[in-house]
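Trainee: This is the structure alone, sequence omitted:
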């Protein structure tokens, strides 16, 4: 990636920031750990922040493993890219392999069969020649800001956890770099002004980011949340959620 600017803010002092973002030349990942109610039995001694961080770093490693002239290293723990062809379903098997890697790393100490096992949303970008591959799993948002369009992509309610098969639920696509000016990656704590509070639309959110930057958008979101401290106007599970935003120029 040519340039990336990002900001993140912890939603509550009672729990660590469960968002994660990382980048390398040609690739970016962002994850939002599913923060369940405090005291929920996750069946995991590591926790949700650890899961998001572990899955993110493993996914980034898999995205960058095939870049450049170096041959791919020895077989990974999880499945390789295999039958998934980049032009058809880019990045799906990379995510599946990363999920398998993390599951293998803590299966001996944790009960991965619990429905409450740590989970996360996933956003991923990878430059491949003159195109950009993208992946969106669950309810984080990718905004593609093109020369003549602004496309919003938000996933559903299937999250990365212990089953590599959930990667098949990801939204994926490929866009020529010449058609793309930049991409915005946002966890749902950073999209509240649009999808939860209804105070602006996606072009309006981009304008706020352009005027105030990633930190300014999160600050504005926090100020708005503080006008409704009990969640009366905008009922929500968390008064303040972890919020992370990255602007990427590929």
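Mentor: Cool, got the structure. Being a predicted model, the structure only gives us computed values, none of them experimental.
Trainee: hey, let's count contacts and neighbours off CA atoms from now on
Mentor: Will do.
Trainee: So what touches the longest strand anywhere in the chain?
Mentor: Among the elements of the chain assigned as strand by DSSP state E, the one spanning the most residues is strand 120-128. The list of residues contacting strand 120-128 from outside it, by C-alpha atoms under 8 Å, 6 or more residues apart in numbering, reads 1, 26-34, 48, 51-52, 63, 132-142, 159-161, 185, 250.
Trainee: Among those residues, name the buried ones.
Mentor: Buried residues within the contacts of strand 120-128, defined by neighbour count using 16 or more other C-alpha atoms under 10 Å: 26-34, 48, 51-52, 63, 132-142, 159-161, 185, 250.
Trainee: if I pick the closest residue to residue 190 other than its chain neighbours, what's in contact with it?
Mentor: Spatial nearest neighbour of residue 190, chain neighbours left out: residue 243 (4.7 Å); criterion: C-alpha to C-alpha, 6 or more residues apart in numbering. By C-alpha under 8 Å, 6+ apart, the contact list for residue 243 reads 8-11, 19, 186-190, 218.
Trainee: Return the set of residues that bridge with residue 243.
Mentor: residue 9 (DSSP bridges).
Trainee: Assign residue 172 to helix, strand or coil.
Mentor: Residue 172 falls in the strand class when you classify it by DSSP: H, G, I helix; E, B strand; the rest coil.
Trainee: what sits against it?
Mentor: Shown in contact with residue 172 (C-alpha under 8 Å, 6+ apart): 89-92, 133-136.
Trainee: one more time with 7 Å, if that's ok
Mentor: Shown in contact with residue 172 (C-alpha atoms under 7 Å, 6 or more residues apart in numbering): 89-90, 134-136.
Trainee: And it, how far from residue 55?
Mentor: Computed with C-alpha to C-alpha, to the nearest Å, the distance linking residue 172 and residue 55 is 18 Å.
Trainee: Residue 161 touches residue 119, doesn't it?
Mentor: Yes - with contact defined as C-alpha atoms under 7 Å, residue 161 counts as touching residue 119 (4.3 Å).
Trainee: buried stuff in the helix ranked longest in the chain?
Mentor: In the chain, assigned by DSSP state H, the helix with the most residues is helix 202-226. Buried residues in helix 202-226, counted by 16+ other C-alpha under 10 Å: 202, 205-206, 208-209, 213-215, 217-219, 221-222, 225.
Trainee: Now that we have those residues, can you turn them into a markdown table and tack on pLDDT?
Mentor: Output for the buried residues of helix 202-226, formatted as a markdown table (pLDDT from 0 to 100):
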| residue | pLDDT |
| --- | --- |
| 202 | 98 |
| 205 | 98 |
| 206 | 98 |
| 208 | 98 |
| 209 | 98 |
| 213 | 97 |
| 214 | 98 |
| 215 | 98 |
| 217 | 98 |
| 218 | 98 |
| 219 | 98 |
| 221 | 98 |
| 222 | 98 |
| 225 | 98 |
